[in-house]
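Visitor: Predicted model and sequence below, questions to follow.
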Amino acid sequence: MFQDIEPHRISCEFKPMQPTDAGYVVVYNHDSVLLKQEVNGFTLPTCADLKRIQPGMLNDLQYLLSVDDNAFFLSLQKPSLQPGFVFKSPQIFRKLSPTWLAFAGATAAHLGRWYEQRRFCGRCGATLSHKPDERALVCRECGLTEYPKISPVVIVGIINNDKLLLTKAAAGVYRRYALVAGYVEIGETLEAAVRREVMEETGLRIKNIRYYKSQPWPFSSSVLAGFFADLDGPDTVTLDTRELAEAVWLKPTEIPEGEPNFSLTGEMIEAFRRGLIT
């Protein structure tokens, strides 16, 4: 999947690290990131690149993470665009190569989104400051401490004997088959969220809920938890048309090949299609 970047290793814990010319910089601005155009596509700019186009940006960089010896830093300043540089949606990281750089860039953009959206205290309105000893923002006026936002999401593969329920979303640009999914509510267990989302979106009852695998998903600031479950009762779907445009029961031979090596949803569908899940 997207996060599988071995033999490279990502390290996301906080470190008081200073930028060097070789460090990568995620310049984040309203859900877009600055990229450098190259012959074969795009890449993230380095500190050396920013030193050439806008040296003042290097004075306020925040360390985010590392992959091996490659450090990544954040800037929330918007530079004057120079030839060869462009702002793109973080979705571009789904297609960037090498994979380790794409995953690191997407994860860095997740953190950039949080930093950009947490400039002021939600309790008193004062400006937040970086906490020097951990990844957190603190209000010097009222003492409120904010930590990075991660939203848990459940994904559910519902099995009906030799069939899997595949869905298509009612909104958005993604048009491939997917699985029932949704955010976990406050006070819910993951298993309770699985039952609720299935009932809300399809009207189906399920049993034998079993955990499959998890995946960090920086594009929605989430961590995904995948489950399989068996149908418990009638298989007639009552579609929540606000969430889903389609829901169909398909046998393995009827399921089209997707993108199993990228997303948890794709891997779960492919595992059922290949007979690895029953």
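Guide: Everything's here; your move. Computed from a prediction, not measured in an experiment: that's the story for all the values here. Numbers count the residues shown, from 1 in each chain.
Visitor: what helices or strands is whichever strand or helix holds residue 227 leaning on?
Guide: Using DSSP states H and E, the element containing residue 227 is strand 222-231. Under the contact definition 3 or more Cβ pairs under 8 Å, 6 or more residues apart in numbering; DSSP states H and E, strand 222-231 sits against strand 151-160, helix 190-202, strand 206-217, helix 264-273. C-beta: built from backbone N, CA, C; applies to glycine.
Visitor: Name the surrounding residues that touch that strand.
Guide: With contact meaning Cβ atoms under 8 Å, 6 or more residues apart in numbering, strand 222-231 is reached by 150-161, 181, 183, 190-191, 194, 198, 204-217, 264-265, 268, 277.
Visitor: one step back: let me know which of the helices and strands packed on strand 222-231 is the nearest to residue 245.
Guide: Residue 245 lies closest, by Cβ to Cβ, to one member of the helices and strands packed on strand 222-231: helix 190-202, at 11.3 Å.
Visitor: quick one, that closest one and strand 206-217 angle?
Guide: 100 degrees (axes from the mean of the first three to the mean of the last three Cα atoms, to 10 degrees).
Visitor: mind listing what's buried in helix 190-202?
Guide: Across helix 190-202, burial judged by 16 or more other Cβ atoms under 10 Å covers 193-195, 197-198, 201-202.
Visitor: One more: stretch 8-16?
Guide: So, applying 16+ other Cβ under 10 Å, buried residues of stretch 8-16: 10, 12, 14.
Visitor: give the contact list for the first one.
Guide: The contact partners of residue 10, by Cβ under 8 Å, 6+ apart, come to 3, 65-67, 100, 103-104, 107.
Visitor: Could you save the helices and strands packed on strand 222-231 as JSON lines and add columns showing mean pLDDT and distance to residue 23?
Guide: Below are the helices and strands packed on strand 222-231 laid out as JSON lines (pLDDT from 0 to 100; distance: least, Cβ to Cβ, whole Å):
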{"stretch": "strand 151-160", "mean pLDDT": "97", "distance to residue 23": "29"}
{"stretch": "helix 190-202", "mean pLDDT": "97", "distance to residue 23": "37"}
{"stretch": "strand 206-217", "mean pLDDT": "97", "distance to residue 23": "22"}
{"stretch": "helix 264-273", "mean pLDDT": "94", "distance to residue 23": "30"}
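Visitor: of the ones you listed, which approaches residue 170 most closely?
Guide: helix 190-202 (10.0 Å).
Visitor: Residue 14 and residue 130: what is the separation?
Guide: 10 Å (Cβ to Cβ, to the nearest Å).
Visitor: cool, and residue 202?
Guide: 44 Å.
Visitor: swap in residue 10?
Guide: 21 Å.
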